[in-house]
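Undergrad: Here you go, sequence then predicted model.
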There are 2 protein chains.
Amino acid sequence: MKISELSARSGVAVPTIKYYLRERLLPEGERSAPTQASYDDAHVQRLGVIRALIAAGVSIAEIRRVVATLDSPPESAHELLGAAHAAITPTEDDTPDLTAAEELVAGLGWKPGMTDPAVLRAVARALNGLSSAGFEVPRDVMATYLASVRAIADAEIAGVPSSSPEVAVQYVVLGSALVEPLLLALRRVAQQVASAERFGAEGL
Amino acid sequence: MKISELSARSGVAVPTIKYYLRERLLPEGERSAPTQASYDDAHVQRLGVIRALIAAGVSIAEIRRVVATLDSPPESAHELLGAAHAAITPTEDDTPDLTAAEELVAGLGWKPGMTDPAVLRAVARALNGLSSAGFEVPRDVMATYLASVRAIADAEIAGVPSSSPEVAVQYVVLGSALVEPLLLALRRVAQQVASAERFGAEGL
C-alpha cells in the first residue's frame, strides 16, 4: 500500500509517519519507484506499537531500542527479558550505592548475579528519592510491596509464550512498558476505594 | 540562613534554588534586607521534596500542584487522597470511553462515584494503549494485578497517619509520586528473578 493508505489504516498522519521513518522507528517500505515506497500490514502493526509506547510516555530513543529488540530478538527466554528491560530502562550516569537495594530485593528471592545491574540501580535510585524527601515506607507496607510484585512477576513470567521468540519478546517488551501505566492507574483507583471504605466516601 | 548556606545544607546549587523560587516551588525567604532573604529548615526540607519529585520524573507544573496541596491541605482524609491524586495526575483533554475501565476496576471493589474521574480515565487510557498495541493481558495475570494492587492499597491506606492533616497529605502525595518508581523497579527485579528461576540463569 502507499503511504497515504498506511496513514488511513493506522490513523497516523503522513508527516508523522515520515518522522518515524527518519527516526528509524519504522522500517523503510519497499521501493516501488524512485520517489515511492510500498508498505504492508507489518507497518500498520508497528505503527500501533509505536503509538502505544508514545502514549505510555516512552521516549523516542527508548522506542528505537525497543523496536531494535523486536527486530532482532535474543535467543534464550531469560536473555530476552534482560534485553527488554535494558531497552526500556534509561541508562543514567550515576552509580548509586546498591547496598540498601540489594538488601531489599533479597526479599524477592534475589541473589547476586541474578539480574542485570541497571534494574538494581533503578531500585537504588527510587530508594534514594524516597529518603532524600524524608519519606520512609513503613516496614509492613514494604513487605506487602515485595509480596505483591513477586506475585505479579510470577503470573507474568508463567504467561510468557515459549513458542516463538518473536512473540515472547513482543510480549515482554510491550508488557513491561505498557502494563506500567495500567498498574499505576489501578493502584490509584484501589487507594481511593480503600480510602472510601476506611474513611467513608462523604468527603468526595 | 542565607541562600549560600541553604545551598550548602541542601546540596542544591544557588542558581537552581533561584529557579525554584521563580517557579514558585519554594516559598520566598523572609526579607532581611532589600537584596537579601533569610531561609530556614522548612526550606531545606522542601528542597529535598522537590529534588525527590524531579528525580521521580514529576514535571515542574505537577510539582507546583503538589506543593500547593502540601501548603493548604484539604480537611478530610478521603478528600486529601483525591487532591493528592489530582495534583500528580496529568489532566489531559481526551475523554476515553470508560466502560471497559469501569468493568475492570469493579474487581477492586470499585462502585460508581467512589473515585474521581481522572483516575478512571487514566485506567481507560492505559487499556487503550495496550489494545492499540495489540497486547492482551491474560485473564489470570489481570486477576493477579487486581488482587495485588488492592493488597498494596489496603496496606498503604491503613498506614495513613490520622493525627495531623499536614503529615497525612505529605504521606499521601509523596507516597503516590515517589513510591511509583520503586514499585516499577521492584517489578522488573522480580520479573528477572522469576525468569531466572523458571528458565535458568545461564542465559544472563
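TA: Okay, I see it. What you are looking at is a predicted structure, and each value in this text was computed from that prediction instead of being measured. Numbers count the residues shown, from 1 in each chain, chains lettered A, B, ... in the order given.

Undergrad: Would you mind giving the domain segments of chain A?
TA: Following automatic domain parsing, one gets these domains for chain A: A:1-55, A:56-203.

Undergrad: can you redo the ones you listed as a markdown table with mean pLDDT?
TA: Shown next, in a markdown table, are those (pLDDT from 0 to 100):
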| stretch | mean pLDDT |
| --- | --- |
| domain A:1-55 | 90 |
| domain A:56-203 | 80 |
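
Undergrad: For these, state which one has the densest average packing.
TA: domain A:56-203 (a mean of 19; mean count of other CB atoms under 10 Å in any protein chain shown). Where you see a C-beta, it was placed from the backbone N, CA and C, and this is true even at glycine.

Undergrad: all helices of chain A, in order?
TA: A:3-10, A:14-22, A:41-55, A:60-71, A:77-88, A:99-105, A:117-132, A:139-158, A:165-199 (DSSP state H).

Undergrad: need those helices in TSV with distance to B:Glu156, can you?
TA: Converted to TSV, the helices of chain A look like this (distance: least, CB to CB, whole Å):
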stretch	distance to B:Glu156
helix A:3-10	40
helix A:14-22	40
helix A:41-55	27
helix A:60-71	29
helix A:77-88	26
helix A:99-105	17
helix A:117-132	14
helix A:139-158	6
helix A:165-199	6
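
Undergrad: about what we covered before: output the domains of chain A in CSV, with distance to B:Gly107 appended to each entry.
TA: Compiled in CSV, the domains of chain A are given as follows (distance: least, CB to CB, whole Å):
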stretch, distance to B:Gly107
domain A:1-55, 23
domain A:56-203, 9
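
Undergrad: Using CSV, lay out those together with distance to chain B.
TA: Formatted as CSV, the domains of chain A follow (distance: least, CB to the nearest CB, whole Å):
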stretch, distance to chain B
domain A:1-55, 3
domain A:56-203, 3
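
Undergrad: Out of those domains, which is closest to B:Lys111?
TA: domain A:56-203 (8.2 Å; CB to CB).

Undergrad: Excluding sequence neighbours, find me the nearest residue to A:Val119.
TA: Spatial nearest neighbour of A:Val119, excluding adjacent residues (CB to CB, 6 or more residues apart in numbering or on different chains): B:Arg188 at 4.5 Å.

Undergrad: what does A:Arg187 give?
TA: B:Val149 (4.7 Å).

Undergrad: cool, A:Ala153 as well?
TA: Of all residues not flanking A:Ala153 in the chain, B:Ala190 sits nearest, at 3.6 Å (CB to CB, 6+ apart).

Undergrad: hang on, A:Ala177 packs against A:Ala55?
TA: No - between A:Ala177 and A:Ala55 there is no contact under CB atoms under 8 Å: 10.4 Å.

Undergrad: what do the two both touch?
TA: Contact with both A:Ala177 and A:Ala55 is made by no residue, according to CB atoms under 8 Å, 6 or more residues apart in numbering or on different chains.

Undergrad: give me phi/psi at the closest residue in space to A:Val179 that isn't next to it in sequence?
TA: Spatially, and ignoring its direct neighbours in sequence, A:Val179 is nearest to B:Val137 (6.8 Å; CB to CB, 6+ apart). Dihedral pair for B:Val137: phi -80, psi 120, per degrees, to the nearest 10.

Undergrad: residues contacting B:Val137?
TA: Contacts of B:Val137 (CB under 8 Å, 6+ apart): A:175, A:179, A:182, B:130, B:145.

Undergrad: Check A:Leu81 too.
TA: A:157, A:172, B:191-192, B:195.

Undergrad: if you set the cut-off to 10 Å instead, what comes out?
TA: A:74, A:115-116, A:156-157, A:160, A:168-169, A:172-173, A:175-176, B:188, B:191-192, B:194-196, B:199, B:203-204 (CB atoms under 10 Å, 6 or more residues apart in numbering or on different chains).

Undergrad: Tell me which residue is most central in chain A.
TA: Residue closest to the mean C-alpha point of chain A, counted by CA atoms, centre = their mean, is A:Ala177 at 1.7 Å.

Undergrad: Hmm, A:Ala52 and it touching each other?
TA: Yes - here A:Ala177 lies in contact with A:Ala52, judged by CB atoms under 10 Å, at a distance of 8.4 Å.

Undergrad: okay, and the common contacts of the two?
TA: A:58, A:63, B:129, B:133, B:135.

Undergrad: Hmm, the second one is touching A:Ala55, no?
TA: No - counting by CB under 10 Å, no contact exists between A:Ile63 and A:Ala55, whose distance comes to 11.3 Å.

Undergrad: Please verify my assumption that A:Arg64 contacts A:Arg24.
TA: Yes - here A:Arg64 lies in contact with A:Arg24, judged by CB under 10 Å, at a distance of 6.2 Å.

Undergrad: I'd like the distance between the closest residue to A:Leu127 other than its chain neighbours and A:Ala106.
TA: If the residues on either side of it in the chain are set aside, A:Leu127 comes closest to A:Ala100, at 5.5 Å by CB to CB, 6+ apart. Shown here: A:Ala100 relative to A:Ala106, a distance of 11 Å by CB to CB, to the nearest Å.

Undergrad: can you check A:Ala122 too?
TA: Distance from A:Ala122 to A:Ala106, by CB to CB: 16 Å.

Undergrad: what does A:Glu5 give?
TA: In terms of CB to CB, A:Glu5 sits 54 Å off from A:Ala106.

Undergrad: Likewise for A:Leu47?
TA: Distance from A:Leu47 to A:Ala106, by CB to CB: 42 Å.

Undergrad: Can you give me every residue that contacts the residue lying closest to A:Leu6 once chain neighbours are set aside?
TA: Excluding its sequence neighbours, the residue lying closest to A:Leu6 (CB to CB, 6+ apart) is A:Tyr39, at 4.4 Å. Applying CB under 10 Å, 6+ apart to A:Tyr39 gives the contacts A:1-3, A:5-7, A:9-10, A:17, A:21, A:26-30, A:32, A:46-47.
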